[in-house]
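Undergrad: please find the sequence and the predicted model below.
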Amino acid sequence: MPRMTFERLEATYRLPLFDLLGQARRVHDAHWPRREVQLCTLLSIKTGGCSEDCAYCAQSAHHATPVSPEPLLEKDAVMRVARAARETGSTRFCMGAAWKGVREGEKRFEQVLDIVRAVSSLGLEVCVTLGQLSLVAARRLREAGVTAYNHNIDTSPEFYSNIVTTHTFEDRLQTIQAVQDAGMSVCCGGIIGMGESLADRLRMLEVITGFDPAPESLPINSLVPIPGTPLEHLPRIDVFEIVRLVATSRIALPGTKIRLSAGRECMSREAQALCFFAGANSIFFGEKLLTTGNAEAEQDLALLRELGLEPQAPFADVEEPLPHACRKEAPATA
C-alpha cells in the first residue's frame, strides 16, 4: 500500500468519530477477520543507567528517577519469565536493554545472543530492543532467532530534538534499515502526550507508512509521566485522542499489528474496547512493562472473553520477511 500523505492522514483523523471508527473497522475486518489479539510479554533484561537522555524515560542516567541501574539478567532468570509467559498465553516475548546500542564482539552482546537462542527454542516469537544496530549485529540477531526488532521513532522528525539530544532521528532510521536489510521484521511506533502537536503525531505516522515494507507491528504508547523525568508534570492524554490515532493507524497500515502499549493500565475497559474496535489487535500482557505498570493478565483475558476476542496464535504459517530497505526521506509537512 502506498504511503499516506500528511494531508490524507489529517483528513482521516478529523473525520466525525463514528465515521472514523466505522471506516477503521471495515479495514480491520478485511485484513484481520479472525477476531484475535496478539499477547506479548515484555521483560527488561538490562535496566537503568542508559547513556541516552530520552525525556520520557525512567532508565536514563541523565534523570534522577526511582530506577536504579542493574546488570544484565542471567539467562536462567530470563528463561523463567519466558516459560511463565508462554504458560499464560503469550506467543511473543520481547526483551529490552537500557543502552545506546550494541556492537558485535562485545561480551554483553554475545550474552544476549545466547539468551535469544534459548527463548527461541521455546517456540515463542522473539522481539528485542537494544538501541542502535549495525547491519552485522542485526544479521547476528536474526541468525540467533530474533523475529522482530523494536525501534520506535517516538515522534515527528521536527519534534524529535525536543525529546532526545544524544542521537538523531536519522540514527533511528539507519537502524531500522539495518534491521530490514538483515531480514527481521520491524516493530516501530511512538509515544503520544509528550507535548507534541497533532501534526507531530501524524508526521510520525506519515514517516512510518513510508517504510518498505510496512512495519510488522506499530506500538502506540501514551506517556506515563515518571517522577524525575523532564516530562513528569505533563497531563495524561485524552482517551479519544488515543482511539483516533489507533483508527487512523489501522486505515493507514491495514496489515500491521497495532499494539496498545504503555499507558494502557490507566485506560478503562470501555476505552480499551473502543481501541480494539478501532483496529488495535496486540497488547503487552502481564503486570509490568519495562519500568511501568500494566493491566493484570487475568483482567486482560477476562476483557477479551467479554469482547468475543481470542489470543492470537504464533505466526508459524506466515512467510518470513525478506531483506529490504526503509524509505529514509522525511517529506515536508502540509
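TA: Received it, and whenever you're ready, just let me know what you need.
Undergrad: packing partners of the helix or strand containing Glu87?
TA: Secondary structure here is read from DSSP states H and E; on that basis Glu87 sits in helix 75-88. Applying 3 or more C-beta pairs under 8 Å, 6 or more residues apart in numbering; DSSP states H and E, one finds that helix 75-88 makes contact with strand 36-46, strand 92-97, helix 107-120. In short, each C-beta sits where N, CA and C put it, glycine included.
Undergrad: could you say which of these is packed most deeply?
TA: Each of those was assessed for mean neighbour count using mean count of other C-beta atoms under 10 Å. The highest is strand 92-97, with a mean of 24.
Undergrad: chain center to whichever helix or strand Leu173 is part of, what's the gap?
TA: Counting by DSSP H and E, the secondary-structure element that holds Leu173 is helix 169-181. Mean C-alpha position of helix 169-181 versus that of the full chain (C-alpha atoms, centre = their mean, to the nearest Å) differs by 15 Å.
Undergrad: neighbouring contacts of the helix or strand just after it?
TA: Scanning forward in sequence from helix 169-181, with DSSP H and E defining helices and strands, the next element found is strand 185-187. Judged by C-beta atoms under 8 Å, 6 or more residues apart in numbering, the contacts made with strand 185-187 from elsewhere in the structure are 127, 129, 147-151, 176, 179-180, 211, 215-219, 259, 321, 326.
Undergrad: avg pLDDT for stretch 57-72?
TA: Averaged across stretch 57-72, pLDDT comes to 81.
Undergrad: skipping its backbone neighbours, what lies nearest Leu72 in space?
TA: Nearest-residue entry for Leu72: Lys46, 4.6 Å, with adjacent residues in sequence omitted and distances by C-beta to C-beta, 6 or more residues apart in numbering.
Undergrad: ok, the one you found touching Ala77?
TA: No - because the distance of 11.8 Å does not satisfy C-beta atoms under 8 Å, Lys46 is recorded as not touching Ala77.
Undergrad: mind telling me what element the residue sitting nearest the centre point of the chain is part of?
TA: The centroid of the chain falls nearest to Pro219 when counting by C-alpha atoms, centre = their mean (3.3 Å). Pro219 belongs to strand 217-222 when assigned by DSSP H and E.
Undergrad: what's that strand in contact with?
TA: Here strand 217-222 has contacts from 38, 148, 150, 152, 185, 187-193, 208, 236-237, 242, 245-246, 249, 253, 256-264, 266, 280, 282, using C-beta under 8 Å, 6+ apart.
Undergrad: among these, name the ones in strands.
TA: Within those, membership in strands is found for 38, 148, 150, 185, 187, 190-192, 257-260, 282, as judged by DSSP state E.
Undergrad: farthest-apart pair in those residues, please.
TA: Checking the ones in strands among the contacts of strand 217-222 against each other with C-beta to C-beta, the farthest-apart pair comes out as Ser185 and Ile192, at 23.0 Å.
Undergrad: between the two, tell me which one has more neighbours.
TA: Neighbour totals were compared for Ser185 and Ile192, and Ser185 leads with 24 against 21 (other C-beta atoms under 10 Å).
Undergrad: what's across from that one in the sheet?
TA: The residues listed as beta-bridge partners of Ser185 by DSSP bridges are Ala148.
Undergrad: relative to Leu133, how far out is it?
TA: If you measure Ser185 against Leu133 using C-beta to C-beta, to the nearest Å, the figure is 14 Å.
Undergrad: what's the overlap in contacts for the two?
TA: Residues within reach of Ser185 and of Leu133 at once, by C-beta under 8 Å, 6+ apart, are Tyr149.
Undergrad: pLDDT weak spots in the stretch 1-150 of the chain?
TA: Counting by pLDDT under 70, the stretch 1-150 of the chain shows low-confidence ranges at 1-2.
Undergrad: ok, now with 80
TA: Scanning the stretch 1-150 of the chain with the threshold set as pLDDT under 80 gives 1-3, 48-49, 61, 64, 66-69, 103-105.
Undergrad: and for the stretch 151-300 of the chain?
TA: Scanning the stretch 151-300 of the chain for pLDDT under 80 picks out 286-297.
Undergrad: what about 50?
TA: Within the stretch 151-300 of the chain, the set of residues satisfying pLDDT under 50 comprises 289-294.
Undergrad: against Gly89, how distant is Glu298?
TA: Here the criterion is C-beta to C-beta. By it, Glu298 lies 11 Å from Gly89.
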